[in-house]
Every structure is written in C-alpha cells, then in structure tokens.
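Q: below are the sequence and a predicted model for it; my questions follow.
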Amino acid sequence: MTREYLQSLSYKLLKEIAFREGIKEAKRLKKEVLIDLILEAMQEERDERERFNNPAMQVEEKKYENIKDEEMRPLKGIQYKIPERYNETKIVLLLRDPLWAYAYWDLNDNDILFIKNNHSFKKLILRVYESGERGFSEDIGVDSFDIPVKLSDNRWYINLPHPGREYYIELICLNGGEEKALCTSNTVRSPRVALPDSIEDDFQESVGDIIKLSGISELHESDNKRIIPQRIISIIETKYQSPRG
Amino acid sequence: MKKGYLAIVFHAHLPFVRHIESESFLEENWLFEAISETYLPLLRVFHRLERDGIPFKVTFSVSPTLSSMLTDELLQDRYINYLEKLIELGDKEIERTRHQPEFNKLANIYRELNEQNYLDFTGTYKKNILKGFKELEKGGYLELITCAATHCFLPLYQEYPESIEAQLQTAVMSHGRIFCNAPKGIWIPECGYYPDLERHIKANNLHYFFVASHGLLFAEKKPRFGVYAPVNCPNGVSVFARDLASSNAVWSSEEGYPGDFSYREFYRDIGFELPLEYIGPYIHNGTIRINTGYKYYARTGKTEEKRPYIPEIARERVEEHADNFLYNRLKQVEKLSNLMDRPPIIVSPYDAELFGHWWFEGPLWLESLFRKLQEHSDVLIMITPSGYLELYTENQVLVPSFSSWGNKGYAEVWLNGSNDWIYRHAHKAIERMIELARRFPDEKGLKERVLNQAAREILLSQASDWPFIMKAGITVPYAEMRFKEHIHNFTKIYENLCRNTVNTEWLTKVEKKNNIFPDIDYRIFCTNPSSSSLLINSR
C-alpha cells in the first residue's frame, strides 16, 4: 500500500488496517501517525519475508512486483466457482520435505452419514505407517503412530520421524473397540539428508575435498544438524552469501 | 594451466497472462517489463558479442508459456502500445527535469532505451523477438532448451504420471513448433526433481536436466566429482547440478553483486512518486500506480534518502564485479583440477529476468564477463551441457534425491498453509481428464475441440506461479482467480461431457481467451511411459 492510498482512506478503515497489522494503540493516534505506523509494519513484514526467502526466490518474486495498492483492484465481477468437494472417500499424501508431509482427504456422503448415525463412533484417526530403510516392499519391521482428527478436518501436516523412509497413511474410524479403515493413501519416500557413506571406486580420497568445495563442508558439525535438512540447506546457502568480501 | 568449463544457464519464464476481455490488464505488464528490461537488452548484448567475434556459449531455457506469449499477436501489439506510451513519458520527463541535470541525463537514457526497444521490436524482429534467439542458436552461441509446459512444480504431481507426461510432451511439441528444433535438454521448473522424473525426460528425447546442488550431494551414492561433473541416471539421462558459489554471487540482492550501493534502485520509480495528474496517463487505469521504468536513484544503502543514480560509477562497478566473478571461478577451477580426472564444469543457472529487470546493470555485467572470459579461454571455457556431454561421455551412474532450489530446498514454497488448498482440485481435475481421454479416445470435430480445451485448462491450472504468488503475498487475488478459472473451465467441460452436451458459444470464447498450445492433443493424458508403450498410440 502506498502512503497516497492510505491517505485516501477513512480514519475508521485505517484503524481496521492498523489492527490487522498488530498496531494496538491505533485508537488514540492521529491519522498521519497511524499511516506512518502502518507503512512501517508493512515494510517490516516485507523484510521478514525477504529474510526467509533464499536468493532464488527473492529474485523470482521481483518478476511479479509491479503494484503496491492491490486493494484498489479487487478484481470485482470475476468470480469463478469451483467445487467445494467431490463426494468421494479418498486420502492423498504429498511430501513437502524430508520431515514433513501434507495429507488431504474427504469422505463421501454415505461414510459421513454412517459415522454420524453410528452411536458407537468414538473418533477418527490418521494412522501413519513408516517403513524401514529399504521400504515397505523389503522391510518387515514397520512402525506406525496415530493422529486424532475431527470429522470437520480435511487436511493435516504430518511430522515424519525419519528421513529416508517410506510412509503412507490410513484414515481410520474407531467404533467402540473396533477399527474401520475408511481409505488408504499413496506411499511417499522421504529423501535422505546426509551424504551417503559409500563410494564405489578408488576416488575416495579426493571425494571429500570435492564435496566440501560443492558447498557441504559444514555439514558434519554435529549429529543434530545432520538430521535437520532445512538447517543443512540453509548452511549450504549462507556459506555462499558473501562473494564480494 | 589446467582447464575448466563454465556453463551459464538462463531460465526465462513468465506464466501465461493474456486477457482479451480487457483493453489493458495489469499482469500483462510482467511480460512487457521483461521484454524491455531483460530480453531485448540481453539480445543486444549477445549481438554485440557476436559482432565483435567473442565466442560465447550460453544455455537458454524459454518456458513454453513465455514463448507462446512472445509469439502472440495481441500481446505483441499491446507491447508496442506500452512502448509508445513510455516514449511519450520520456519526452515529458526530459522536459520536466530540464533544470535537474542529474535526472535529465537519466530521463534521456531511459527515453533512448525505450526508443531502441521500439526499433528492435518492430524493425529488427518484426514483433517476434524469438527470431533473435533462434539466430543466435543457429550461430552456435545459444543452446535453446525447454521447460515443463506451464512451469508445473512436478514433484507435487508425481502420483499422476500421465500429467507429468502431458507437461513434457506439450513442452517439447511447443518448442518444436516455435523454434523449429528439438530441445536437447530441459530446465525442470524450480529445479523440482523427484526420483523417476527421468523416465519422462527420456521418453521425450531430452538428454539432460538440472538439479539443486543437494539433489546430487544427497543422492543414493556419493557423487565422486561433487557438483562439478554431470552424472547419469540409470536410464542414461544426464544431470547437472547447480554450483552455489557462482550462483549466489549473482543472486543475492543484499550480499551479491546486485546489492552494490552504486547500482540502480529498483523500487524508486516515478510511477509511484509523481503526482497523479502528471503520471496518470502512464499508470494503470490512471489511478493504480505501477512501475514505469523511469528510476532515478541508486541503491545507496539502507536509507530512504537515496542518491541520484550515476551510470558511469555503476559501469565501473560492473567491471570490478565481472573481474571478481572471473577471479573466483579461476580459483575454483584451479582447486578442482587437482582433484578430478577431467576438467570440472561449473554450472551457474539464473532466472533470466534477474538481468536488467531487477539488476539493471546485469546485462552489462554479462557482456563484460564474457569479454573477459575470452582473455582466459586457455583456462576457463564457456560450454553448454550438451557440449560437455559430447566431450565426456562416461559419467557416474546414480539417482539424485528429491530436491528443488526453493526455500529450504524442497517443496515448501509450493505447499504450505497459503496454497495447499489447490492440490485437491488440481489432482481431481487430472483424474477426470485421464478418465475423459480414456472414454473418448477417437473424437473428432467439436468434441475434440472441447477435449483439447479441457487439456489446456488442466495444464494452465498447474502453473507453479499460482502457488508461488499465493505464498509470496503479491497479487494473491489474481493468482487465486487464475487457478479457479482453469479448474472452473475444466469442470464445466467435464460436466457437460458427462451430460453429452457442448456449449459452443462458451467454448469458442474460452478457446479465444486461453489459446495457448494450438496443436495440443488431449490424448496425451493417456500416455504413461512406465508401461513402455502408449495406452493410445495414435488417433
């Protein structure tokens, strides 16, 4: 938002925007001061966002930045309706990163009715199945854990315990002492986040140095860091932030 | 002296933004700004180097949505109008700043740039700037490669191999139609890779692609040359990894070269600063302030009090930064050469729009760098990935790891609380499209037109730009509207076909509006190379 746009707004509207921006003392302030604070808060928001973006994403954002007063252009009259749901019982698992997956699901009308009319219905759970390192097809040992969800929920971010494993989920209805699996998701494989130990030929000696030059020299500082992929990527990236030094 | 190679890769992309329903549409300016500030300036740099006999080699990916817009007559004509207005604004600016010599000089420079763009666009390229890129490819300076059809972030669609296949087949077909050539490689959008993607890449006769550095470093086996040599997937497709050191030297707006205080400030544009009664005719609908490209200040530092921009000082910094980049690459090659049995290749990929649009001096920096590289061609040689693969045919075989070049290295940018709602609709639409393609394998005439439009709408809904913009918080209503528009159009077609009806008038309107990929064949949604044959081979 530009100062000019904010100046064109009523005091009441400005207070609403200020409230949205977390400016608590808005009520007692003069219009110009309020505008200053709103602009300041928005700049802080932008800076914050920028800090969380890596350089590639920062540049990509610039391609779309050609307007500051989005509010002046509400794209009125252009409303496209899309279905709210598709009346099917289904669950899908999407891998976001080595430690997080996103599940979305829906239940068809019959299943919803069944649950609502079932007096022994206790709760719905997401059961997350985890394979061993070699995947479900080869590993016998499979672990699982449950996440309780409400009938009104239809999506969930799931923290995956270990990188480098396979996962799938079931949406389960608990009725009294019985379990009924309503649907099962696809399987995802979370990627490994550490350098593999093996090298197949006699280049072993030089590989360590080349890998370091590739930007991974600080990865083995501690075991904790080894298992936080986001931190690893951030280390790699920040290592190369001072080319002009 | 030991040798190394430098592969500079540009990725040029914008989503398909074309609004026939309105005389001018704000988001079309994304394209116009990129033509004026990036694509034409880069072409001028390349042609100057060619004229001076500098043997540069660059890989250039043009996304199919961008190439479609650049060859679209409506958008070409609108770009000419856009330039005419900016030239007129330039005349007014020269007059307005006549008593402010430092600004007057800049007004003249911008006016000339707009005039030069006008002459190049209408005269040299006869409105189609892709001709310039094609000529450079013919001359051996560029290797033009493709990208997924609508820049889909592929890992989030991997459960639908038919859709991945549709993205790649359409891309290759579109590239062939526009550039009269088969692309050798592909820039996978956002470097978004998942194991198995190479199956589709190979099926479309593409020989190489790029991944983020951790895509190789965290692969199932240790890459013996790190990111400094390609590897081959087990199916023979080659993979090049991004070198972080050279990339971030240019990428970072704070610490990288573009952050230098002498360079031009992107955000101080007269479109946001001059009174409405003066600037009104040159902004959106006379009221909504937008960039005009007339920017008179230098970055200066973290202060609101900016200094006037002085091109001569910026030019000096360009030379210094080109020297610095070159120095660091030569050092890199020196270190790596002692550790490898072949010359290393440093792969430096960039969004093309960084150069000129965001970093105004970027094209000049490239020109300076390419000229300086020639002086060191005994040590560091510019090369394309296919050039390197011709020289070094034996590569380590391994499968890269799921990765992207987005924040935190995976899919979080395109899958988070602001945009995750889109996937249930996008996935359902794909399932329905596959169902339609199987139910109607041999349609002709009107029904075929309907099905082809359905395929276009699906692909357009998959653009990574929509979730990206939702996450970025810029023009969010537009991104949401676009995603909903394509799902809405597809759903309407699906429901009509289920009822065996076609609304011809509506179809014609939608075909005219979303007219991308004129030769699309909806049957691509029946193709899955896993079965090693097409479910439906031909019409």
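A: Arrived safely, thanks for sending.

Q: give me the contacts around stretch B:382-392.
A: The contact list for stretch B:382-392 (CB atoms under 8 Å, 6 or more residues apart in numbering or on different chains) reads B:5-9, B:55-59, B:143, B:184-185, B:207-208, B:229-230, B:238, B:240, B:342, B:345, B:347, B:370, B:373. (Each C-beta comes from the backbone N, C-alpha and C, glycine too.)

Q: off-centre distance for it?
A: Stretch B:382-392 has its C-alpha centroid displaced from the chain centroid by 22 Å (CA atoms, centre = their mean, to the nearest Å).

Q: tell me the mean pLDDT over that stretch?
A: For stretch B:382-392, the mean per-residue pLDDT is 97.

Q: sec struct for A:Phe136, please.
A: Following DSSP: H, G, I helix; E, B strand; the rest coil, we place A:Phe136 in the coil state.

Q: what's the burial count for it?
A: 17 (other CB atoms under 10 Å in any protein chain shown).

Q: next: A:Arg155.
A: 16.

Q: what's the answer for the one 10 residues further on, then?
A: Residues lying near A:Arg165 (other CB under 10 Å) number 23.

Q: contacts only, for the spatially most central residue of chain A.
A: Per CA atoms, centre = their mean, the C-alpha nearest to the average position across chain A is that of A:Arg96, at 6.6 Å. Residues counted as contacts of A:Arg96 (CB under 8 Å, 6+ apart) are A:102, A:157, B:410-412, B:415-416.

Q: make sure it is indeed in a strand.
A: Yes. Under three-state DSSP, A:Arg96 sits within a strand.

Q: highest neighbour count among the contacts of A:Arg96?
A: B:Tyr410 (29 neighbours).

Q: quickly list what the closest residue to that residue other than its chain neighbours is bridged to.
A: Using CB to CB, 6 or more residues apart in numbering or on different chains and skipping residues adjacent in sequence, the residue nearest B:Tyr410 is A:Asp97, 3.6 Å away. Note on A:Asp97: beta-bridge partners by DSSP bridges are A:Trp100.

Q: just the ones in strands from the contacts of stretch B:382-392, please.
A: Applying DSSP state E to these, the entries found in strands are B:5-9, B:58-59, B:143, B:185, B:208, B:238, B:240, B:345, B:347.

Q: just the helices in chain A please.
A: A:3-7, A:11-20, A:31-52, A:55-62, A:109-117, A:204-211, A:223-226, A:229-239 (DSSP state H).

Q: picking up where we left off before, how far away is the residue nearest to the centre of chain A from B:Arg98?
A: With the distance defined as CB to CB, to the nearest Å, A:Arg96 ends up 57 Å from B:Arg98.

Q: equivalent analysis for B:Ala298, please.
A: For B:Ala298, the distance to B:Arg98 - CB to CB - is 22 Å.

Q: which one's more surrounded, those two?
A: Just comparing B:Ala298 and B:Arg98: by other CB under 10 Å the higher neighbour count belongs to B:Ala298, 21 against 11.

Q: secondary structure element for B:Ser67?
A: Per DSSP states H and E, B:Ser67 falls inside helix B:64-70.

Q: whichever helix or strand comes after that helix near chain A anywhere?
A: Moving toward the C-terminus from helix B:64-70, the next helix or strand (DSSP H and E) is helix B:73-96. No. Helix B:73-96 lies apart from chain A when judged by CB under 8 Å from any CB of the partner chain; the minimum separation is 12.1 Å.

Q: now for helix B:73-96, which elements pack on it?
A: Judged by 3 or more CB pairs under 8 Å, 6 or more residues apart in numbering or on different chains; DSSP states H and E, the packing partners of helix B:73-96 are helix B:28-34, helix B:101-119.

Q: the next helix or strand after the first one: how far from the chain's middle?
A: Just to be clear, that refers to helix B:28-34. Using DSSP H and E, the helix or strand that follows helix B:28-34 in sequence is helix B:40-51. In terms of CA atoms, centre = their mean, the centre of helix B:40-51 is found 19 Å from the chain centre.
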